[in-house]
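Asks: Just the structure for this:
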Amino acid sequence: MTRVLLIEDDPAVRHGVTLGLRRRGHETEAVSTGEDGLEALASFAPEIVLLDLMLPGMSGLEVCRRVREVSQVPIVILSARGDDMDVVVGLEAGADDYVVKPASGELIEARMRAVLRRVAPSQSAAGAVEACTVAGDLRIDRQGLRVSKHGAELSLAPSELKLLLFLSASPGQTFSRQQLLEYVWEHSYYGDARLVDACVMRLRARIEDDQRKPRYIQTVRGFGYRFGPQ
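Replies: This next block holds a predicted model:
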């Protein structure tokens, strides 16, 4: 059973999603405003947040940003707005995934499971992956699922951690955006490359000294990304 916080102002959508989650065994708290959602974040202590963007008063984007200031709880945006710019802005605010409404209960459940799954890749092309990767000032503890830089632990959102774990398991190997979608996010549909690019941008902001000259997450133009030098 997963504790799910749903922040959705539409009564019909809120009722339908809540009913579907509870039928699947999830403990669900549903609120209609961003302000109530932030209060529930502390009192309910959810394991995942489902967040609408079009909220009265405080917007969903502002809620996402405020949650990220205090917590790395997984966030999945549920929104009827599916334009490229809306998706990118939502992901850049700190969300781990973006689902366009209307969406079936099965799709929401699948996206929740994918975001909550913290298992790092156990094998690479060369065999078993080392339990700890050290690259420059960056230390990646795969067993403890912790990342530190200059000895200080970094707080990474689930998608950021999963992406870093995957890329660093095969240093120097380039992965396309489609491969990263399949291996890290465990799903794909047209336009999903935005998930990868937004997550890379957020991850670079946390681990790179100079985002204009990334040392750890490097871009291979026209193809994808790799960890470290080729």
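Asks: By mean pLDDT, flag the weakest helix or strand of this protein.
Replies: Ranked by mean pLDDT, DSSP states H and E, the weakest helix or strand in the chain is strand 123-124, scoring a mean of 42.
Asks: Could you pull up phi and psi at the most centrally placed residue in the chain?
Replies: In the chain, the centroid-proximal residue (CA atoms, centre = their mean) is Asp96; its distance is 2.2 Å. According to degrees, to the nearest 10, the main-chain angles of Asp96 amount to phi -90, psi -20.
Asks: Show me what the helix ranked longest in the chain is packed up against.
Replies: As assigned by DSSP state H, the longest helix anywhere in the chain is helix 193-207. For helix 193-207, the elements it packs on are helix 84-92, strand 97-100, helix 158-169, helix 177-180, strand 217-220, strand 224-227, judged by 3 or more CB pairs under 8 Å, 6 or more residues apart in numbering; DSSP states H and E. Any C-beta I mention is one placed from the backbone N, CA and C, and that applies to glycine too.
Asks: Walk me through which strands the second one pairs with, and which way each runs.
Replies: When pairs are called by DSSP bridges, strand 97-100 turns out to pair with strand 75-79 (parallel).
Asks: thinking again about what came up before, can you put the helices and strands packed on helix 193-207 in JSON lines and add distance to Leu51?
Replies: Shown next, in JSON lines, are the helices and strands packed on helix 193-207 (distance: least, CB to CB, whole Å):
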{"stretch": "helix 84-92", "distance to Leu51": "9"}
{"stretch": "strand 97-100", "distance to Leu51": "10"}
{"stretch": "helix 158-169", "distance to Leu51": "14"}
{"stretch": "helix 177-180", "distance to Leu51": "23"}
{"stretch": "strand 217-220", "distance to Leu51": "26"}
{"stretch": "strand 224-227", "distance to Leu51": "27"}
